[in-house]
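Asker: Curious how this folds, go ahead:
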Amino acid sequence: MKLEEISRNPIEALEAILLELESVANSWSGDLEDLSKRSKDRYSQIQFCLAAAKRAASYLTDEGLKNTILSNLEFSENPQVPSIARSARICQEGIYIEKLDKHFEDADESDEFNISVLTQDEKAEIRELFASARKMTMEAKEIPDQRKRRIIHFIHKAENELAKDKSTFSYFMAAAYEVSDLTRKFGNDVQPIAEAVEKARTITEKKVTGSAPAIESEKKPKALPSPKD
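Answerer: Next up is the predicted model:
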């Protein structure tokens, strides 16, 4: 992971580092000491990612999130490597929840406004859009590998919702939000990625089951009875 590829935003930097940590740690099933003997490169990468994640977390302004991240990155002297991957995943989920809270802080938090009921045809169309976006992301030379993994992570989370009878709309919103700055950062060549994910979000949004409560129009005053002749 190159320094110039890491965002100056602590949350974004932490997400990229945690994804890298999870990816490397998922490739080994034993303990950390055994890994150090069998693959020094992967062992060094895990140690680097742990140190970098802790450093990035120290810059978080939300004390609750900071403490959650740091506590999940503390391990025994010789932890199992899969447990490191699980902790990295827990940290990512904590960040995801924090981002959703901020993104939807003014939105109605009621479940009925976050549930989308899609037809099989709509699900098939969204799957095609996500498959296209994933393929374009992997092939895009302009996008750094860490960012590619993050985009695919958010697409995967939204795609998982398609297996359910009722899909959680916020996952599609999060995926669209993740790709919303691609054109600005990496140029027009990657615009089709953002367009595909945004189209998937739009299809899902149209099928959200809740509806905002109607605003009562001002009641007209009761008409006075017609004067009797």
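Asker: For the rest of this, base every contact and every neighbour count on C-alpha atoms.
Answerer: Fine.
Asker: Now for Cys91: which residues touch it?
Answerer: Shown in contact with Cys91 (CA atoms under 8 Å, 6 or more residues apart in numbering): 18, 68-69, 72.
Asker: Skip the chain neighbours and tell me the closest residue to the spatially most central residue of the chain.
Answerer: The C-alpha lying nearest the average C-alpha coordinate of the chain belongs to Phe154 (CA atoms, centre = their mean; 4.3 Å). Counting by CA to CA, 6 or more residues apart in numbering, the nearest residue to Phe154 once its immediate chain neighbours are dropped is Ala175, at 5.0 Å.
Asker: can you check Leu18 too?
Answerer: In space, and not counting its chain neighbours, Leu18 is closest to Ala88: 5.5 Å by CA to CA, 6+ apart.
Asker: got the contact list for the one you found?
Answerer: Counting by CA under 8 Å, 6+ apart, the residues that Ala88 touches are 18-19, 21-22, 72-73.
Asker: that older thread, could you check which helix or strand contains the residue nearest to the centre of the chain?
Answerer: helix 145-160 (DSSP states H and E).
Asker: helices or strands up against the helix or strand just after that helix?
Answerer: Sequence order places strand 167-168 as the next helix or strand after helix 145-160, per DSSP H and E. Counting contacts by 3 or more CA pairs under 8 Å, 6 or more residues apart in numbering; DSSP states H and E, strand 167-168 packs against strand 115-116.
Asker: what residues does the strand it packs on touch?
Answerer: 166-169, 204-205, 207-210.
Asker: cool, stretch 11-21 as well?
Answerer: 6-7, 45-46, 49-50, 52-53, 56-57, 60, 85, 88-89, 91-92, 95, 146-147, 149-150.
Asker: Give the rounded mean pLDDT of it.
Answerer: Averaging pLDDT along stretch 11-21 gives 90.
Asker: No more questions from me, cheers.
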